[in-house]
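>>> give the three-dimensional model of this entry:
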Amino acid sequence: MTRIASIITLALLAARGLAAQDTTKAAAPAPAAAPATAAAVDVAEAVVAKSVVDRQPQDTGTTFPVDVGQVVCWTKVSGAEGASIHHVWFHGDTQVGDVELQVGGSPWRTWSKKTVPPDWTGAWHVEVRDAAGTVLKRLDFTVGQ
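Have a look, this model is predicted:
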């Protein structure tokens, strides 16, 4: 019995020694990484124009003649480096184009063109959207009226 008592005593002392260990200096677990958030895209400027020369919009407006042939959506964005934006074109309420544009820096100027057939008069708009589809800017314009 004394042998069993000695084993129990040793076991209790060993357990007590473990319980008395200072664990406050142990390395704290690394905090969970914060989920990556998309960079906030800011549309600094956006216009509809007849053309772009030297990366600048020319003949901007909200009304264009029936024979305009094409229009351009010119956009200057910041905070979107390495991402993409979309120019989504509408004639009336019908989507007629979606152009993905890569953003190479911040700030960044980019544009897309849309051919306008002579019989597609009336209300138009183009939406500047981020990669997730959020509308950042809407530009309304009219052709032939």
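>>> which stretches of the chain form helices?
For the chain, applying DSSP state H gives helices covering 2-19.
>>> just for it, where's the confidence low?
1-39 (pLDDT under 70).
>>> if you count neighbours, what's buried in the longest strand seen in it?
Secondary structure assigned by DSSP state E gives strand 42-53 as the longest strand of the chain. Buried residues in strand 42-53, counted by 16 or more other CB atoms under 10 Å: 43, 46-50, 52. Using the backbone N, CA and C atoms, a C-beta is placed for each residue, glycine as well.
>>> which one of those is nearest to residue 97?
The closest of the buried residues of strand 42-53 to residue 97 turns out to be residue 48 (CB to CB; 13.3 Å).
>>> sorry, back to before: neighbouring strands for the longest strand of the chain, and are they parallel or not?
Strand 42-53 pairs in its sheet with strand 56-60 (antiparallel), strand 70-78 (antiparallel), by DSSP bridges.
>>> ok, residues contacting the first one?
What that stands for is strand 56-60. Residues from elsewhere that reach strand 56-60 (CB atoms under 8 Å, 6 or more residues apart in numbering): 47-52, 72, 74, 111.
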